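Colleague: Compute the structure for the input listed below.
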Amino acid sequence: MSEITAHHGILKDVNLHVDDTGGVGRAVVLIHGWPLSGESWSEQIPALTAAGFRVISYDRRGFGRSDKPRSGYDYDTLTDDLQAILETLNVTDATLVGFSMGGGEVARYVSRFGEERLHSVVFASAVPPFMQQQADNPDGPLTEELANGMTEGLKADPASFYDGFTVQFFTANGELKVTEAQRQDALRLANQADKNAALQAMAAFGSTDFREDLPKVTVPTLVIHGDADGVVPFEGSGARTHATITGSDLHVVVGGPHGINVSHANEFNAVLLAFLDK
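Modeller: Next up is the predicted model:
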């Protein structure tokens, strides 16, 4: 593990916590969802490492073990952070795997930095193309009422909000799809998030429009999503991303909640490894 410093001009330098398994295999960079950390990939890292890949995971600024600055939670800055990691570790020919909020970083990264360092990308339960429902985006799954409710709930009582959110995170068709110990582990990670960071990042993933970013993705792409995702509903997100990215592969996890990398870890890993072998 290491700390990588991201430089942002007039913004204060930010130390990002990075875990890198090393090795000579192709790099797989895991970008976690909100409001968790790189530890949320615990079901994937051993499988990827055993298959011979170099696995890099990190905690987004404001979350987990990374610095928690007051600003820098827009997607341009977050992809600057990602680029700093790739440059510092000299990563090329990589696969970016973006889960939920992290899928936005994948889309924006390609749009801003191109595909020179990339082999392929994965959108897992991911927020693109555009969560916010509005006149020119009627299929956006996040209504103003839902967004305001989440914001007010987090402002009022983070512990209570995260407790309820982690239930929703792993619930499909009214049933919790993970063990209580697994939910508690996610709750532990959520409670490491800085409140200010969590609020700004929530606003970013809810209101950022990736519709012009996605068509710039030309490397091999996998979209994997649960069909019972109650946090980022498939029809308003994954289905649209798949339709936008020409030639992308799609795998729908039947009965899968939002957190399919934990609830359906064996299926998730098998699909991911098969894609990485292409």
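
Colleague: What residues sit buried inside the host helix or strand of residue 198?
Modeller: Assigned by DSSP states H and E, residue 198 belongs to helix 195-207. Residues 197-202, 204-206 are the ones in helix 195-207 that count as buried (16 or more other CB atoms under 10 Å). No exception for glycine: its C-beta is placed from N, CA and C like everyone else's.

Colleague: so can I have a markdown table of those residues showing distance to residue 38 and pLDDT?
Modeller: Shown next, in a markdown table, are the buried residues of helix 195-207 (distance: CB to CB, whole Å; pLDDT from 0 to 100):
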| residue | distance to residue 38 | pLDDT |
| --- | --- | --- |
| 197 | 15 | 98 |
| 198 | 16 | 98 |
| 199 | 21 | 98 |
| 200 | 19 | 98 |
| 201 | 15 | 98 |
| 202 | 19 | 98 |
| 204 | 19 | 98 |
| 205 | 17 | 98 |
| 206 | 22 | 98 |
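
Colleague: I'd like these laid out as a markdown table, including distance to residue 157.
Modeller: Below are the buried residues of helix 195-207 laid out as a markdown table (distance: CB to CB, whole Å):
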| residue | distance to residue 157 |
| --- | --- |
| 197 | 17 |
| 198 | 13 |
| 199 | 13 |
| 200 | 18 |
| 201 | 18 |
| 202 | 15 |
| 204 | 22 |
| 205 | 21 |
| 206 | 20 |
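
Colleague: Can you tell me which of those is closest to residue 79?
Modeller: Closest approach between the buried residues of helix 195-207 and residue 79, by CB to CB: residue 204, at 11.4 Å.

Colleague: If you tally nearby residues, what's the number for residue 115?
Modeller: 15 (other CB atoms under 10 Å).

Colleague: So it versus residue 79, what's the distance?
Modeller: Residue 115 sits at a distance of 13 Å from residue 79 (criterion: CB to CB, to the nearest Å).

Colleague: Next: residue 192.
Modeller: 22 Å.

Colleague: The two: which is more packed in?
Modeller: Taking neighbours as other CB under 10 Å, residue 192 and residue 79 compare with residue 79 leading, 21 against 17.

Colleague: contacting residues around residue 119?
Modeller: By CB atoms under 8 Å, 6 or more residues apart in numbering, residue 119 lies in contact with 26, 93-95, 219-220.

Colleague: any idea which of the buried residues of helix 195-207 is the one closest to residue 136?
Modeller: Among the buried residues of helix 195-207, and counting by CB to CB, the member closest to residue 136 is residue 206, at 16.0 Å.

Colleague: Which parts of the stretch 151-278 of the chain are strands?
Modeller: With strands called from DSSP state E, counting those that start in this stretch, the stretch 151-278 of the chain shows them at 171-172, 175-176, 221-226, 249-253.

Colleague: Dump those strands to TSV, plus mean pLDDT, mean neighbour count and distance to residue 66.
Modeller: What follows is the strands of the stretch 151-278 of the chain, written out as TSV (pLDDT from 0 to 100; neighbours: other CB atoms under 10 Å; distance: least, CB to CB, whole Å):
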stretch	mean pLDDT	mean neighbour count	distance to residue 66
strand 171-172	98	22	28
strand 175-176	98	14	29
strand 221-226	99	26	26
strand 249-253	98	19	29
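
Colleague: residues in contact with the closest residue to residue 153 other than its chain neighbours?
Modeller: Excluding its sequence neighbours, the residue lying closest to residue 153 (CB to CB, 6 or more residues apart in numbering) is residue 161, at 4.4 Å. Residue 161 sits next to 150, 153-154 when contact means CB under 8 Å, 6+ apart.

Colleague: And residue 161, what's its pLDDT?
Modeller: In this model, residue 161 is scored at 98, pLDDT.

Colleague: Can you tell me how far it is from residue 272?
Modeller: 30 Å.

Colleague: Low-confidence ranges, the stretch 1-150 of the chain, go.
Modeller: Along the stretch 1-150 of the chain, segments meeting pLDDT under 70 span 1, 7-12.

Colleague: Apply 80 and report the result again.
Modeller: By pLDDT under 80, the low-scoring segments of the stretch 1-150 of the chain are 1-12.

Colleague: Do a quick rundown of the strands in it.
Modeller: For the stretch 1-150 of the chain, the strands defined by DSSP E, counting those that start in this stretch cover 2-8, 11-20, 27-31, 54-58, 94-99, 118-124.
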